[in-house]
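Novice: can you look at this prediction? I've put the sequence above it.
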Amino acid sequence: GILKDDALVTTLPLKLTPDARPGSARFKLSLAASAIGPVLGNFDTLIDYPYGCTEQTMSRLMPSVVAMQLHQKLGLPLDPATEKLFKDVQRASFIKLAQYQNDNGGWGWWGGDASNPYLTAYVMEGLYYLRQAGYKVDQSMIDAGKAQLKQLAGAAPANEWQREAATDQAYVAYVSSLWGDKLASASMSTQLGNSLKMGPEGLSFLTIALKRQGNDRAAKAVYDQLMSLANKSWEYTTWEHTDELMKKLGERNALDYTYRFTGTETTALALQAVLAMEPSNDKLLASIRRWILMQHDENGWSNTKTTSRVFLALLDDELSAG
């Protein structure tokens, strides 16, 4: 739960069953002064060795990078053994990513596979945050990856899986914006046209990309579309893939359209978009933040990919609040 400023006292009802043995119950209460506080105690457990394909390698490296971001930007203490483990993970990941990178600068599922927009963006996002944390990244790898992102940004989505393809392209635009690259006019038109086919993930990526490159008008139009998809209650705002949200997308009695995003990860992405567009909307931010925190368990959120996205969103939230 979350205590508001005016909640000076709160009562937690703790009930035991009649047959409970006296003295056998144990309770643990953790308090934190900020939204990101509850998740920082074991953030170094995110660091683990990479394995498998490009996506699996990045799903191991990305949480490690986010952990280092938290260490760098919030001054969180890092055990020397953990820092050594991170350097080992980074080294092993770079070897794999260098082996898997295609001649055109992109990445597929495995070495030699055709370059894929989602995977290329995923790798380039991780490399961006790694460099932001102060770690050396091979410049030739970056330059080749940025060139491939530029090619991928304006491609028209395939007839099949249009929503997923449009989301991938928005992800490409978002990652390109992190590296300081603007969308060309033709790519911009394609992206805005694709926004009509996007779910909340693509809309969040595209909102942030447009805002970062200074196109406030287009960013506002895409952001309004994102907000129209929100699941709202008196307490929470989410972008979980509910039946209601899917109906808004024109999907009735259909299976969810993507395996890549949990409801928590999607909502964390939307939180980043809200922070980009309405950083002073405390009521909206609190309703999103509250729901995300309520999904947390002892190990984080669902999986390492979701957990790292939540960490990035909460880090943005913390830095925005000063």
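Specialist: Thanks, I have it.
Novice: how many residues are close by the closest residue to Met277 other than its chain neighbours?
Specialist: Spatially, and ignoring its direct neighbours in sequence, Met277 is nearest to Tyr223 (4.9 Å; CB to CB, 6 or more residues apart in numbering). Heads up, the C-betas are built off the backbone N, CA and C, glycines and all. Applying other CB atoms under 10 Å, we find 24 residues neighbouring Tyr223.
Novice: which strand or helix spans Tyr223?
Specialist: With elements taken from DSSP states H and E, the one containing Tyr223 is helix 216-228.
Novice: what is the burial count for Gln225?
Specialist: The number of residues packed around Gln225, counting by other CB under 10 Å, is 18.
Novice: contacts for whatever helix or strand comes next after the helix holding Tyr223?
Specialist: Sequence order places strand 231-232 as the next helix or strand after helix 216-228, per DSSP H and E. Strand 231-232 is contacted from outside by 237-240, 242, 244-245, 287, using CB atoms under 8 Å, 6 or more residues apart in numbering.
Novice: equivalent analysis for stretch 129-149, please.
Specialist: Contact partners of stretch 129-149, identified using CB under 8 Å, 6+ apart, comprise 61-62, 65-66, 68-69, 71-72, 90, 94, 97-98, 101-102, 104-107, 115, 120-121, 123-124, 127, 172, 175-176, 179, 181, 312.
Novice: could you flag which of those are buried?
Specialist: With burial judged by 16 or more other CB atoms under 10 Å, the buried subset of those is 61-62, 65-66, 68-69, 71, 90, 94, 97, 101-102, 105-107, 115, 120-121, 123-124, 127, 172, 175-176, 181, 312.
Novice: sitting in helices, which of those residues do you find?
Specialist: For the buried ones among the contacts of stretch 129-149, membership in helices holds for 61-62, 65-66, 68-69, 71, 90, 94, 97, 120-121, 123-124, 127, 172, 175-176, 312, with DSSP state H as the criterion.
Novice: hey, which helix or strand in the protein has the poorest pLDDT?
Specialist: helix 185-194 (a mean of 66; mean pLDDT, DSSP states H and E).
Novice: following the chain onward from that helix, which element is next?
Specialist: Note on helix 185-194: by DSSP H and E, the next helix or strand toward the C-terminus is helix 200-212.
Novice: now do that next one: distance to the chain's middle.
Specialist: Using CA atoms, centre = their mean, to the nearest Å, the distance from the centre of helix 200-212 to the centre of the chain it belongs to is 12 Å.
Novice: mean confidence score for it?
Specialist: Mean pLDDT, helix 200-212: 93.
Novice: ok, now stretch 101-108?
Specialist: This predicted structure assigns stretch 101-108 an average pLDDT of 94.
Novice: over to stretch 216-232?
Specialist: Averaging pLDDT along stretch 216-232 gives 94.
Novice: got the buried residues for it?
Specialist: When neighbours are counted by 16+ other CB under 10 Å, the buried residues of stretch 216-232 are found to be 218-219, 222-223, 225-227, 229-231.
Novice: who are the neighbours in contact with Ser320?
Specialist: Ser320 sits next to 275, 279 when contact means CB under 8 Å, 6+ apart.
Novice: can you say which helix or strand has it in it?
Specialist: Taking DSSP H and E as the criterion, Ser320 maps to helix 304-321.
Novice: next, the angle from that helix to helix 200-212.
Specialist: Between the axis of helix 304-321 and that of helix 200-212 there is an angle of 40 degrees, by axes from the mean of the first three to the mean of the last three CA atoms, to 10 degrees.
Novice: and helix 304-321, C-alpha only, in PDB?
Specialist: Taking C-alpha atoms only, helix 304-321 is exported to PDB below (Å, rounded to 0.1, in the frame of the first residue of the first chain):
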ATOM      1  CA  THR A 304      13.700 -10.000 -15.300                       C
ATOM      2  CA  LYS A 305      12.600  -8.100 -18.500                       C
ATOM      3  CA  THR A 306       9.500  -6.700 -16.800                       C
ATOM      4  CA  THR A 307      11.500  -5.900 -13.600                       C
ATOM      5  CA  SER A 308      14.100  -4.000 -15.500                       C
ATOM      6  CA  ARG A 309      11.400  -1.900 -17.300                       C
ATOM      7  CA  VAL A 310       9.800  -1.100 -14.000                       C
ATOM      8  CA  PHE A 311      13.100  -0.100 -12.500                       C
ATOM      9  CA  LEU A 312      13.700   2.200 -15.500                       C
ATOM     10  CA  ALA A 313      10.200   3.800 -15.100                       C
ATOM     11  CA  LEU A 314      10.600   4.200 -11.300                       C
ATOM     12  CA  LEU A 315      14.100   5.600 -11.800                       C
ATOM     13  CA  ASP A 316      12.700   8.200 -14.200                       C
ATOM     14  CA  ASP A 317       9.900   8.900 -11.700                       C
ATOM     15  CA  GLU A 318      12.400   9.400  -8.800                       C
ATOM     16  CA  LEU A 319      14.700  11.700 -10.900                       C
ATOM     17  CA  SER A 320      11.700  13.700 -12.100                       C
ATOM     18  CA  ALA A 321      10.600  14.200  -8.500                       C
END
